[in-house]
Every structure is written in C-alpha cells, then in structure tokens.
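**Student:** I'd like to go over a predicted model; first the sequence, then the structure.
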Amino acid sequence: FFFFLSWRRNPKHTKKDYETPLEKPRIHFKTMRKTFRYIPDSKLTVSEPNPMHFGNSPNEKENKAWTNPNWLKSRFHFSFAEYHNPKNSNFGVLRVMNDDLVQPKRGFGTHPHRDMEIVTYIIQGQLTHQDSMGTKESLGRGSVQFMTAGTGIRHSEHNIHDKPLRFIQMWLIPWKTNLKPNYGSMCGSKIDFKNQWAHVVSSTKSEAETPVKINCDANIKVVDLDDTKQQVEFELGSERQAYLLAMEGSPTVSGGFGEQSMKMHDAAELSGPEKYRITGPGHVLVVEMENDGSGRGDI
C-alpha cells in the first residue's frame, strides 16, 4: 500500500518524502520463540532532521526552555524514513512506533496520510492537531488522538506552547484499504491510569468498552506506576503478542522467562502464552495484537 512517510530515504529530509511509499511489511510464519525479547534504547534509531524541511524556523540555541539542541528528536522502533531495515519492518499490525520530542514553537507542517490507523499518545506537553476535515484541538498528558487515514487525509502537528512536547505515534495496518477518513480523541483527564491499567484503544469489532476504536485487531493499554510497591499483571494467550514500551521511569518486567529491568525508551516484544508482572516505577504502554510470528530479526 501507499501512505504518508516522513523524510523517507532522503538524508536531506525534504517534504517530497511525505509522498514516498513504505515497503510492505514482511509475511511471517508462526514459529516457537521466546516469550520476552528485550529491545534496549541503544537498538533504536535516532533521527534529528533539519528544521527548515518541515516549515520550521532555525533552532534556537539560546532558548533555555529547549531540552534538545535540535527542534525534533525521534526514536524509530521500526524501519522508517532514513532508517531502512528489512529485518525490523513491523511487529504484527504495528508498522510504526516513533517516540518524538518536539521543542517549543515547532512542529510538523501539513502533510498527507493514507490507508493507516494512526494513534498518538501524549507523554508530556501539549500537542495541537489540525486537519483537512476541519478539526483543530490541543491535547495534554495521557491523552489519545487517533485517525483513520483511509482514502486520504491531511493534517499538521505542532507544539505551539512554551514547554517541550513528547508523544508516541503509532501506525497500525487496517483490515482493509480505502476506509472513510475519521478523527477522534480522548482527553487524559477522562481516564485513570495511576497504578492500574487503562484500556484506551480496541478494535471496532471488539466488545471491549474503550474511548478509542480503530479498524484493526489491536488493544492499547497504559499504566503509570508510582514506585516499587506498585505492580500490574498482563497476560497473553497462545495466539497473541504485544509490544511493550517503557515511556518513563525504570519498570521491571518478570514472568516465566525470568526478569528484566528497563529504563526510559527501552522496549520489549512479548509472546504468549505467558503471564507478565510489571513493577514500578514506570509509565508503560502496551500494544497487544494477534501473534503472527513477527519480530526483530536483527537481535
């Protein structure tokens, strides 16, 4: 399929690359594999594109509110943009997961998307969205924004405020192409994810009651654990898999595979059947889906 991809394979990161197609996800055959594969931050690809190529002013070297010298610092979990890795193109229906840090008064100019379910989770700051359907809103910590790109949609994403913005953007492969474009959101104040799971996203075919529904077989849950006394459990059946991200803190994941301490930006591939225990402190996101045997082939 063809859909929007920012700064793909072009070291100069020009807007022309918004139109460039992604490679198709690999087809996998189910095989026996470990129930836990640790993906440390060091295995992610970091990208810091030129601000001019996204309609931004030059970087502000003297602005004390900035926490990074460049306007954008992205961590790519899967093959994306200038990072091309056939052995890490997707995990099930999860095609893209980018961890974006955007500095004040900067953002992504208007660009197109097509045939993708796009879910954005905000960790800190305020994300301002505007699209071709007439939507415009700003969302803060714990909020979820989603789009069905379908037959085509154009939007922009900016940090118009005075503090840095950090969010996780996920692209998930829909059941079918050419769906009707749609946009929706959930304010973070409407859910309680403190020391307990909050089920924020599920499929339109699921009976689960969640604030966000998307057109693919996926569930997204988040939890913010205060300290080492707090823990939650997460169970996967034999036909399910999940991608876990430590967004903040230093959570520990344990189960039949053993135990793994994690830090901010670390991730893991989980495969059922297995029951996991996640111990704080940590702000954790999990994307659960059908087990298709996929996973990083380079670790």
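**Tutor:** All right, it came through fine. Keep in mind that what you see is a predicted model, and the values were worked out from it rather than measured.
**Student:** what is the mean pLDDT for the helix or strand residue 122 falls within?
**Tutor:** For residue 122, the host element (DSSP states H and E) is strand 117-124. Strand 117-124 shows a mean pLDDT of 98.
**Student:** can you list the strands that whichever helix or strand comes after that strand pairs with?
**Tutor:** Next in sequence after strand 117-124, counting helices and strands by DSSP H and E, comes strand 127-131. Its sheet considered, strand 127-131 pairs with strand 136-139 (antiparallel), strand 153-159 (antiparallel) by DSSP bridges.
**Student:** mean confidence for strand 127-131?
**Tutor:** Averaged over strand 127-131, pLDDT sits at 90.
**Student:** next: stretch 60-78.
**Tutor:** pLDDT averaged over stretch 60-78 gives 96.
**Student:** how about residue 34, what does it touch?
**Tutor:** For residue 34, the contacting residues are 257, 271, by Cβ atoms under 8 Å, 6 or more residues apart in numbering. Any C-beta I mention is one placed from the backbone N, CA and C, and that applies to glycine too.
**Student:** helix or strand: which one has it?
**Tutor:** Going by DSSP H and E, residue 34 is not in any helix or strand.
**Student:** okay, it and residue 123: tell me how far apart.
**Tutor:** Using Cβ to Cβ, to the nearest Å, residue 34 is found at 28 Å from residue 123.
**Student:** ok, residue 282 next?
**Tutor:** From residue 282 to residue 123 the distance is 12 Å (Cβ to Cβ).
**Student:** likewise for residue 275?
**Tutor:** Where residue 123 is concerned, residue 275 sits at a distance of 27 Å (Cβ to Cβ).
**Student:** got a list of what the closest residue to residue 70 other than its chain neighbours touches?
**Tutor:** Excluding the flanking residues, the one nearest residue 70 by Cβ to Cβ, 6 or more residues apart in numbering is residue 48, at 4.1 Å. Applying Cβ under 8 Å, 6+ apart to residue 48 gives the contacts 68, 70, 72-74.
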